[in-house]
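In: What follows is a predicted protein model with its sequence.
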Amino acid sequence: MNVKDLRVKGDRLRSSLEEMAEIGATPGGGVQRLTLTNEDKKARDLFVKWLDACRLDIRIDEMGNIFGRRPGKERTKRIAGLVRTIKAEKARRRIRPDPEADPNDTGMVGLTLSPVTSNTGYLSAKHTAINPNFAAVFVQLLKRAGVNKGDLVAAGLSGSFPSLNIAAFSAMQTLELEPIVIASASASQWGANHVDFLWIDMERVLFEQKIFRFRSMSRRSRGRSHTLSTVYPFHGG
């Protein structure tokens, strides 16, 4: 489905807003729903009911944010396959996941602390980053930046969000770009911070298995400013 073809059904939207507004309605026509009150719970339960009716995958993070997701198809399957490759390599190296930090056993969540941990991190952010649809986000952002097949791009990566790195690599390969990648050997909490399996080890596995045709050409060992996958397009030669 093309996003441009999507249309909002005004009557249904208004009906949903009015139904939600009935919870915690005040005499003056306003709404009051304080956190942790019965009204707040009723509203959240209603929202979850709507997501469930749409057959979305529902997730509630540590802060109580509610997410509804409909998985994609081909690109999502590809990313999921790459994540399984990393997970299998971890198992081969006898690196066991922490069931509390990585309850879905994705293999994309690291340690609370290690000798290569560069900065603090947020576990909820690590879980959110595992969403395979981020590959499609990178594709759209690169297209919006005006890159074309064969263009040279620079990518600065850390090990803080290995799943985002995989998504960025997949997007660059799908668009047939020519990346120059600089990667960090360190990572924030719960990133690729196991001393025996850093991000640079993960990308080497994917490169040697011919899943990706490129890998980082330079590595950094420390620093605190590199926490997300960043891709910069070059223009004009």
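Out: It's in.
In: roughly how far apart are the residue nearest to residue 178 when sequence neighbours are not counted and residue 207?
Out: In this structure, residue 178 finds its nearest non-sequential neighbour in residue 152, 4.9 Å apart by Cβ to Cβ, 6 or more residues apart in numbering. All C-beta atoms are positioned from the backbone trio N, CA, C, and that covers glycine. Separation of residue 152 from residue 207 (Cβ to Cβ, to the nearest Å) stands at 19 Å.
In: which SS state does residue 179 fall under?
Out: Recorded secondary structure, residue 179: strand (DSSP: H, G, I helix; E, B strand; the rest coil).
In: Tell me, how many residues neighbour it?
Out: Using other Cβ atoms under 10 Å, residue 179 is surrounded by 22 other residues.
In: cool, and the one 10 residues further on?
Out: Residue crowding around residue 189 was assessed by other Cβ under 10 Å; the count is 22.
In: The residue nearest to residue 178 and residue 176 touch, don't they?
Out: No - when contacts are counted by Cβ atoms under 8 Å, residue 152 is not listed as touching residue 176 (11.9 Å).
In: Between the two, point out the one with more neighbours.
Out: Neighbour totals were compared for residue 152 and residue 176, and residue 152 leads with 14 against 11 (other Cβ under 10 Å).
In: Report the rounded mean pLDDT for whichever helix in the chain runs longest.
Out: For the chain, the longest helix by residue count, based on DSSP state H, is helix 74-92. The pLDDT scores in helix 74-92 average 79.
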